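In: Quick one, what's the 3D model for this:
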Amino acid sequence: MTVAIGEAGMPTDDSLIDEIIKACNGDLRAAIRSVLAINEQRRAELKWLRESAKAQSSRAANSGPVIH
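Out: Numbering: from 1, shown residues only. All right, here's what the predicted structure looks like:
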């Protein structure tokens, strides 16, 4: 399946939504639950990435000058 992605990073049609509903056997509540679960996983990943970047930045700032 090919999904066209717009400028905001979102699909420009409903094909992805249709695929999610189809994967949940037409159960709209299950489809919404699955999207919410994926969203929560992405939030956790984003939080981890931000914390990792902040820690990396902090270590770089505290390591002193770089001598080549």
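
In: quick one: buried residues of stretch 18-31?
Out: Neighbour counts using 16 or more other CB atoms under 10 Å place 20-21, 24, 31 of stretch 18-31 among the buried residues. The way it works is simple: take the backbone N, C-alpha and C, and place the C-beta from them, glycine included.

In: any idea how far residue 20 is from the one residue sitting closest to the centre of the chain?
Out: Nearest to the geometric centre of the chain sits residue 42, at 4.0 Å (CA atoms, centre = their mean). Using CB to CB, to the nearest Å, residue 42 is found at 15 Å from residue 20.

In: next one: residue 6
Out: Residue 6 is 18 Å from residue 20, by CB to CB.

In: For residue 53, give me the pLDDT.
Out: pLDDT for residue 53: 91.

In: Actually, residue 46.
Out: pLDDT, residue 46: 95.

In: Tally up the residues packed near it, please.
Out: For residue 46, the neighbour count with other CB atoms under 10 Å is 10.

In: Secondary structure element for it, which one?
Out: If you go by DSSP states H and E, residue 46 is part of helix 28-62.

In: what about that helix, distance to the chain center?
Out: Offset of helix 28-62 from its chain centre (CA atoms, centre = their mean, to the nearest Å): 7 Å.

In: ok, now stretch 16-30?
Out: 19 Å.

In: Span of that stretch from start to end?
Out: With CA to CA, to the nearest Å applied, stretch 16-30 spans 15 Å between its terminal residues.

In: could you give the mean pLDDT of it?
Out: Stretch 16-30 carries an average pLDDT of 94.

In: that older thread, packing partners for the helix holding residue 46?
Out: On a contact count with 3 or more CB pairs under 8 Å, 6 or more residues apart in numbering; DSSP states H and E, helix 28-62 meets helix 15-23.

In: how far out from the middle of the chain is the helix it packs on?
Out: Distance of helix 15-23 from the chain centroid (CA atoms, centre = their mean) equals 18 Å.

In: Could you name the helices and strands sitting against that helix?
Out: Helix 15-23 sits against helix 28-62, with contacts defined as 3+ CB pairs under 8 Å, 6+ apart.

In: Give the buried residues for the helix it packs on.
Out: Within helix 28-62, judged by 16+ other CB under 10 Å, the buried ones are residue 31.
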